[in-house]
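Colleague: requesting a structural model of the entry that follows:
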Amino acid sequence: MPLFEYECSKCEHQFAELIMEKEEENKLRCPKCSSKKLERIFSSFGIVSDLSTNMPKPDLSNLPPGVREKTFIGDYIEEKDRPKKNR
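Modeller: Here you go, the predicted model:
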């Protein structure tokens with residue numbers, strides 16, 4: 001997923017956005033102060049886990065809250081689409 005992190009140059013608020021096309025990035029505004037002066041910052045890589053295993057989830061406590069909330073694809077998969085042993 002093209003999830004990018006940004007920092008507002010005006011209020012220093014950090015946030016993450018899912019950007020599918022370059023035009024979307026040009027329209028971004030800071031969710032805190034509405035400034036368009038944003039800088040893309042280095043973000044950590046994403047982790048995808050096979051839902052058919054019982055692998056432990058990684059520690060994401062050092063990630064910004066906006067990123068932590070969007071990391072597990074399993075949260076977006078409907079119950080009917082999960083493997084039967086994981087329901």
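
Colleague: just name the shakiest helix or strand of the chain by mean pLDDT.
Modeller: Ranked by mean pLDDT, DSSP states H and E, the weakest helix or strand in the chain is helix 65-68, scoring a mean of 74.

Colleague: strands of the protein, residue ranges please.
Modeller: 3-8, 14-18, 38-41 (DSSP state E).

Colleague: okay, the ones you listed, which one's buried deepest?
Modeller: Between those, the one whose residues have the most neighbours on average, counting mean count of other CB atoms under 10 Å, is strand 3-8 (a mean of 18). (Each C-beta comes from the backbone N, C-alpha and C, glycine too.)

Colleague: what lines up beside that strand in the sheet?
Modeller: Sheet neighbours of strand 3-8, with direction, are listed as strand 14-18 (antiparallel), strand 38-41 (antiparallel) (DSSP bridges).

Colleague: residues in contact with the first one?
Modeller: Read that as strand 14-18. With CB atoms under 8 Å, 6 or more residues apart in numbering as the contact definition, strand 14-18 has outside contacts at 1-8, 24-25, 28, 30-32, 41, 43, 64, 66-67, 70.

Colleague: mean confidence score for it?
Modeller: When pLDDT is averaged over strand 14-18, the result is 90.

Colleague: do the same with the last one
Modeller: Per-residue pLDDT values over strand 38-41 give a mean of 92.

Colleague: hmm, who's touching it?
Modeller: Taking CB under 8 Å, 6+ apart as the criterion, the residues outside strand 38-41 that touch it are 4, 5, 6, 7, 8, 9, 14, 28, 29, 30.

Colleague: tell me the contacts of the first one?
Modeller: Going back to what we said before, that points to residue 4. The contact partners of residue 4, taken as CB under 8 Å, 6+ apart, are 16, 17, 19, 25, 40, 43.
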